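# sequence plus the predicted model coming up.
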Amino acid sequence: MNKNQCAYTFSKLYDDVYVKDAYIYSIKSKNDIVIHKPVAQFMSVKKAIEDVETKKEMYELEFMSNRRMKKIQVGKKDLASRANLLSLAEYGVDVNDLNVKEVMKHLRNEIDNLKVSFIHRNVGFEEDEDKKVYFKHYKAIGYKEKSKYSGNLAVEPKGSEENWMRLIKDEVVEDTKLALALILGFSAATVGFVGEELSIESLLVHIFAESTHGKTTAAQLAVSPFGSPKLREQGLILDWNSTQNAIFGLLSGNRGLPMVLDESSMLNKKDFTNLIYILASGSDKKRMNKKLEVRPTKTWETTIISTGESSILSQSNKNTGLKVRLFEFGNIKWTKDSKQAEKIKSIVTNNYGFTGIRFVKKLLDLGKDEVIRRIMKWKSKIEEDLKENSFKGRIAMKLAIIVATGQIVNEALNIKLNLKKIKAFIIDNENKSIEDIDLPSTAYDHFKQSLVVNKSKLNKDFGDTLGVVGSSTYELWGKLEKNKHENYVVIITTKFDEIMKKGGFENTRYILQAWKDRNLLSHEKGKLYRRRIVDPKVRGAVPCYVIKLQNGDGKKQEDKKKKAKKDDKKDAVVENDESKVTKQNTSETVEEDLLED
């Protein structure tokens, strides 16, 4: 470092300090004599940085320590107070009680003459102070300042956009399943762009199949427009085996970049219910810090793709909301063969991060109103082909986002993905699972089968007691009764909740309301229950659910009973494990078994 490099020619706030020959000097006058005195080793503020999200200002401080140059990043408060500045001595900064005043003046002079550069740590869409929407990637797109990404994800483009586009045209455009995988990745930006206006949650998709079906390859293809699809290299693909805090931490602040959770089978978890709710809702649980203060909640709004060898819905409670929050594509072969899979992996892991930017620019050009208009138009078309179910509108909305995204991808990349085939594919996939979404019917079957294996715990109003009242093992759940030729089960409310929760049906109120709507529930006005005397030996009525056992009149039921006895009907096969009831039980034979003396 020479003298010319250290000298400053700009105007300064404080003229009594300057840098020369690797030292900071102070200027003092005594008896008309000007004294230049070195007070500290060289230090300089090289960069002024502002975080566009928090608005906090930071500085890159370069200084001499033990005959070598060092750099650290400090906050503005570290240079603005005597105590904080003195604390930097532990890093090697030459500051102490004797020179802290002059050092502070020198650093203030340097700060005043620096041009501020901007950084962002989150990714996806954001609004600036003027409510203008911009997108944060490896750099900010549409932001008034030049801002660079300073987070943990590998999103800076790598390789060649031409190589990536050649792969898409050769292997993806004509392949419906791979085209869908590609669109799922781009849909993250659509969700981040208009998700709030449409009041939708993050799009959560689980792809499951045996090994060699290309599910991980499809996931890597999906994220490659926006960043690295490499595993364990700060890419957009995480292991399911990562800690929940790590997963939520990397998702936090993401409003438009796809993320993959690979191989759910690695997670030794029997119940995914809570995770599905959190991932889809886009918000982690509220937590307290050591000072018992509520920490800022981690939030996201994007598309999350999960892979595994089995369904995660099958490993979750049968809650109504899960079916709407998670789309599953099961046992689909995503790639033709291992040669195609290897080709895709090789190209996308070495060429990525380009076309996501092109897609985002197209979204910004179209604007929110036009994107929403397209989504709603596709929603109407999809509703025409979806089977009727309680969640048709919500499911159609999410599927519409996928198809609308494909339409915009075609325009942004100048390609021709076959939207007609993709739309038919995803609708067919959903229609096949519609019967699983009818939870009230599934719950009704579970309830009746539970009664069959526990019928000794029910009394009869119209016959002998089924249980042995008064025995040491006797447990009373309720009773069977007839009302105008209809057969009902009267069951204590708490026992009902236990039965349903054992079957994985947590939202019992939803189930009961649905049964009420289907005329399967007898109830007091404005209630879901009636008060009944269940045990004649116990005085007083208790709240009970009164649930119809069949549709039809009592005479038909008796005729069916007689015919079933004559034909040696097959009763439900009950083993010690109460959950093992054979599927030979129809709704009629279950009822017959309950009513049989």
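That came through fine.

# now stretch 166-181: buried residues?
167, 168, 171, 172, 173, 175, 176, 177, 178, 179, 180, 181 (16 or more other Cβ atoms under 10 Å). Where you see a C-beta, it was placed from the backbone N, CA and C, and this is true even at glycine.

# what about the closest residue to the second one other than its chain neighbours, which helix or strand?
The shortest distance from residue 168 to any residue that is not its chain neighbour, by Cβ to Cβ, 6 or more residues apart in numbering, is 6.5 Å, and that residue is residue 415. In this structure, residue 415 sits in neither a helix nor a strand according to DSSP states H and E.

# list the contacts of residue 415.
By Cβ atoms under 8 Å, 6 or more residues apart in numbering, residue 415 lies in contact with 168, 169, 173, 409.

# from residue 147, how far out is residue 254?
Computed as Cβ to Cβ, to the nearest Å, the residue 254 to residue 147 distance reads 16 Å.

# also residue 94?
Separation of residue 94 from residue 147 (Cβ to Cβ): 33 Å.

# does residue 371 really touch residue 363, like I thought?
Yes: with contacts counted by Cβ atoms under 8 Å, residue 371 reaches residue 363, the gap being 6.2 Å.

# overlap in contacts of those two?
Common contacts of residue 371 and residue 363, defined by Cβ under 8 Å, 6+ apart, comprise 190, 193, 408.

# list the ones among these that fall in helices.
Per DSSP state H, helices hold the following members of those: 190, 193, 408.

# how many neighbouring residues does the first one have?
This means residue 190. Using other Cβ atoms under 10 Å, residue 190 has 28 other residues around it.

# what's the burial count for the residue nearest to it when sequence neighbours are not counted?
Leaving out its chain neighbours, the residue that sits closest to residue 190 by Cβ to Cβ, 6+ apart is residue 405, at 4.7 Å. Neighbour count of residue 405, defined by other Cβ under 10 Å: 31.

# what's near enough to touch residue 405?
By Cβ under 8 Å, 6+ apart, the residues touching residue 405 are 183, 186, 187, 189, 190.

# buried members of the residues you listed into PyMOL, please.
Those of those that count as buried under 16+ other Cβ under 10 Å are selected in PyMOL with:
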select buried, resi 183+186+187+189+190
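
# show me how this protein divides into domains.
Using automatic domain parsing, the domain parsing of the chain gives 3-114, 123-149, 161-437, 439-595.

# so where is the stretch 451-597 of the chain shaky, pLDDT-wise?
The stretch 451-597 of the chain contains residues with pLDDT under 70 at 461-474, 550-597.

# rerun that using 80 as the cut-off
460-474, 483-485, 503-507, 536-539, 550-597 (pLDDT under 80).

# what about the strands in it?
In the stretch 451-597 of the chain, the segments counted as strands under DSSP state E, counting those that start in this stretch are 458-460, 478-483, 486-492, 521-522, 530-532, 542-548.

# what of the stretch 1-150 of the chain?
For the stretch 1-150 of the chain, the strands defined by DSSP E, counting those that start in this stretch occupy 17-20, 23-30, 33-41, 43-51, 57-65, 68-75, 116-120, 123-127, 133-136, 140-141, 147-149.

# tell me which of the ones you listed sits nearest to residue 525.
strand 123-127 (49.2 Å; Cβ to Cβ).

# what lies in contact with the closest one?
Identification of contacts with strand 123-127 by Cβ under 8 Å, 6+ apart yields 52-53, 120, 133-137, 149, 151, 153, 155, 188-189, 192-193, 253-257, 301-302.

# and of the contacts of residue 405, the nearest to residue 389?
residue 187 (22.3 Å).

# can you tell me the helix or strand for the residue lying closest to that closest one once chain neighbours are set aside?
Of all residues not flanking residue 187 in the chain, residue 405 sits nearest, at 4.3 Å (Cβ to Cβ, 6+ apart). Taking DSSP H and E as the criterion, residue 405 maps to helix 392-413.

# for that helix, what is the average pLDDT?
Averaged over helix 392-413, pLDDT sits at 96.

# over to stretch 144-158?
Here the average pLDDT along stretch 144-158 is 95.

# buried set for that stretch?
Residues of stretch 144-158 classed as buried by neighbour count (16+ other Cβ under 10 Å): 147, 149, 151, 153, 154, 155, 157.

# hmm, the second one is touching residue 157, no?
Which is residue 149. No: counting by Cβ under 8 Å, residue 149 stays clear of residue 157, with 11.5 Å between them.

# and residue 263, how far from residue 235?
From residue 263 to residue 235 the distance is 15 Å (Cβ to Cβ).

# okay, those two: which has more neighbours?
For residue 263 and residue 235, the more surrounded residue by other Cβ under 10 Å is residue 235, and the numbers stand at 21 against 17.

# so who does the more buried one touch?
Applying Cβ under 8 Å, 6+ apart to residue 235 gives the contacts 153, 154, 223, 227, 228, 229.

# could you do residue 61 as well?
For residue 61, the contact set (Cβ under 8 Å, 6+ apart) comprises 43, 44, 45, 46, 71, 72, 73, 74, 79, 88, 93, 107.

# same thing but 7 Å
By Cβ atoms under 7 Å, 6 or more residues apart in numbering, the contact set of residue 61 is 43, 45, 71, 72, 74.

# who wins for most neighbours among those residues?
For those, neighbours were counted using other Cβ under 10 Å, and residue 43 has the most, 24 neighbours in all.

# right, and that residue touches residue 60 too?
No: with contact defined as Cβ atoms under 7 Å, residue 43 does not count as touching residue 60 (11.4 Å).

# just give the number of residues close to residue 106.
The burial count for residue 106: 25, using other Cβ under 10 Å.

# the nearest residue to it once chain neighbours are set aside and residue 77: what is the separation?
Excluding its sequence neighbours, the residue lying closest to residue 106 (Cβ to Cβ, 6+ apart) is residue 17, at 4.6 Å. Using Cβ to Cβ, one gets 21 Å for the distance from residue 17 to residue 77.

# of the two, who's got more company?
Remark: of residue 17 and residue 77, residue 17 carries more neighbours, 22 against 12, as counted by other Cβ under 10 Å.

# ranges for the helices of the stretch 201-350 of the chain?
Assigned helices in the stretch 201-350 of the chain, in chain order: 215-223, 244-251, 273-281, 320-325, 338-348 (criterion: DSSP state H, counting those that start in this stretch).

# can I get these in a markdown table including distance to residue 199 and mean pLDDT?
What follows is these, written out as a markdown table (distance: least, Cβ to Cβ, whole Å; pLDDT from 0 to 100):
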| stretch | distance to residue 199 | mean pLDDT |
| --- | --- | --- |
| helix 215-223 | 25 | 97 |
| helix 244-251 | 20 | 89 |
| helix 273-281 | 12 | 89 |
| helix 320-325 | 13 | 76 |
| helix 338-348 | 33 | 97 |
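
# roughly how far does residue 58 sit from residue 103?
Distance of residue 58 to residue 103, computed by Cβ to Cβ: 18 Å.
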